[in-house]
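> next input, structure requested:
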Amino acid sequence: MTHAAHGQRTAIVTGAARGIGAAVAKWLARDGLAVGVIDLDEADCAGTVEAIRGEGGSAVAVAADVADEAAVTAAVARVAAELGPPTVLVNNAGVGPRADLVEMTTQQWDAVLGVNLRGPFFVTRAVVPHMIEAGWGRIVTMSSISAVGDAARVDYASAKAGLIGFTKSLALQLGRHGITANAIAPGFVVSDMTRASARRLGRDFEEFQRSAAESIPVGRVGRPEDIAHTASYLVSPEAGFVSGQVIYVAGGPVD
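Sure, this is the predicted structure:
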């Protein structure tokens, strides 16, 4: 008997091998969802899957480059076959290398938009038919405070701003099917991406965090669990009247 037959909802979380994606996947599993853990390398997903299974949850690791249309289609089909039709989607996979506009190559621009903007389109398009069939669904997409402008990452900021328009359009189009769509825009969160930023700047990561915290009203940097808690609410049945919103999880207001 499938998980779906037991009434268990299935979620897909992309970029879930580590960081925010891993935290979200684990939290949703604690909420009782079976989780398809998608990342570039299936072996890299082992830690997330083992943690979920270790707590009695259900999860499967699936390798897919979200910028690869065929890989996404196959990955979603595998999750549906092994865990049940997905009705919860968290589009988290992203890349954000720093590059000056003048030095940025077309290939760099395309690579960043491929993962950050095309990727959520491919995954959402593959998952939504399952949601429509179920008459219920939750889509959460990770934007960023960079969406309001980022001098160091024009490509990343453009993609993350695009995801806000994507999310609002999904909310308008899919609401009649019982599907909500929202975006989370994290601020400074401890992650591989912020560690890489510190390395590029030649900064000690602990000092980098302390410096960042000084400009955050709540006086600390974010943790992956801060994002996971927000995603947990947005994908819950109780959040059915919240759609088309951008939730800034940044320790203070964002202009």
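> helix or strand right after the helix or strand where Glu207 lies?
In this assignment (DSSP states H and E), Glu207 forms part of helix 205-213. Of the helices and strands lying after helix 205-213 in sequence (DSSP H and E), the nearest is helix 224-234.
> model confidence over that next one, on average?
For helix 224-234, mean pLDDT rounds to 98.
> same deal with stretch 69-83?
Averaging pLDDT along stretch 69-83 gives 98.
> sort out which residues of the lowest-mean-pLDDT helix or strand in the chain are buried, please.
Least confident helix or strand, the chain: helix 192-200 with a mean of 81, by mean pLDDT, DSSP states H and E. Neighbour-count burial for helix 192-200, with 16 or more other Cβ atoms under 10 Å as criterion, is recorded at Met193, Thr194, Ser197, Ala198. Placement of C-beta: from N, CA and C, glycine included.
> quick one: the residue positioned nearest the centre of the chain and Ala239, what's the gap?
In the chain, the residue lying closest to the centroid (Cα atoms, centre = their mean) is Asn92, at 1.7 Å. As judged by Cβ to Cβ, to the nearest Å, Asn92 and Ala239 stand 18 Å apart.
> how about the buried residues of helix 192-200 in JSON lines, adding distance to Thr230?
Shown next, in JSON lines, are the buried residues of helix 192-200 (distance: Cβ to Cβ, whole Å):
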{"residue": "Met193", "distance to Thr230": "18"}
{"residue": "Thr194", "distance to Thr230": "18"}
{"residue": "Ser197", "distance to Thr230": "22"}
{"residue": "Ala198", "distance to Thr230": "24"}
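> and those, which is closest to Ala212?
Minimum distance to Ala212 across the buried residues of helix 192-200 is 8.0 Å, recorded for Thr194 (Cβ to Cβ).
> from Ala34, how far out is the closest one?
As defined by Cβ to Cβ, Thr194 lies at a distance of 30 Å from Ala34.
> try Ala93
Ala93 is 19 Å from Ala34, by Cβ to Cβ.
> please apply the same query to Ala99.
Taking Cβ to Cβ, one finds Ala99 at 38 Å from Ala34.
> look at those two and report which has more neighbours.
Neighbour totals were compared for Ala99 and Ala34, and Ala34 leads with 26 against 17 (other Cβ atoms under 10 Å).
> and that one, backbone torsions?
phi -80, psi 140 (degrees, to the nearest 10).
> surely it touches Arg53?
No. Using Cβ atoms under 8 Å, Ala34 is not in contact with Arg53; the gap is 10.8 Å.
> tell me what angle the strand ranked longest in the chain forms with helix 224-234.
Counting residues, the longest strand found in the chain (DSSP state E) is strand 179-186. Orientation check (axes from the mean of the first three to the mean of the last three Cα atoms, to 10 degrees): strand 179-186 against helix 224-234 gives 160 degrees.
> adjacent strands (with direction) for strand 179-186?
Paired strands of strand 179-186, with direction, are strand 137-142 (parallel), strand 246-249 (parallel) (DSSP bridges).
> what residues sit buried inside that strand?
Across strand 179-186, burial judged by 16+ other Cβ under 10 Å covers Ile179, Thr180, Ala181, Asn182, Ala183, Ile184, Ala185, Pro186.
> so can I have a markdown table of these showing distance to Glu42 and pLDDT?
Shown next, in a markdown table, are those (distance: Cβ to Cβ, whole Å; pLDDT from 0 to 100):
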| residue | distance to Glu42 | pLDDT |
| --- | --- | --- |
| Ile179 | 28 | 98 |
| Thr180 | 30 | 98 |
| Ala181 | 28 | 99 |
| Asn182 | 29 | 99 |
| Ala183 | 27 | 98 |
| Ile184 | 26 | 98 |
| Ala185 | 29 | 98 |
| Pro186 | 26 | 97 |
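> which of the residues you listed sits closest to Gly165?
Using Cβ to Cβ, the buried residues of strand 179-186 come closest to Gly165 at Ala183, 9.8 Å.
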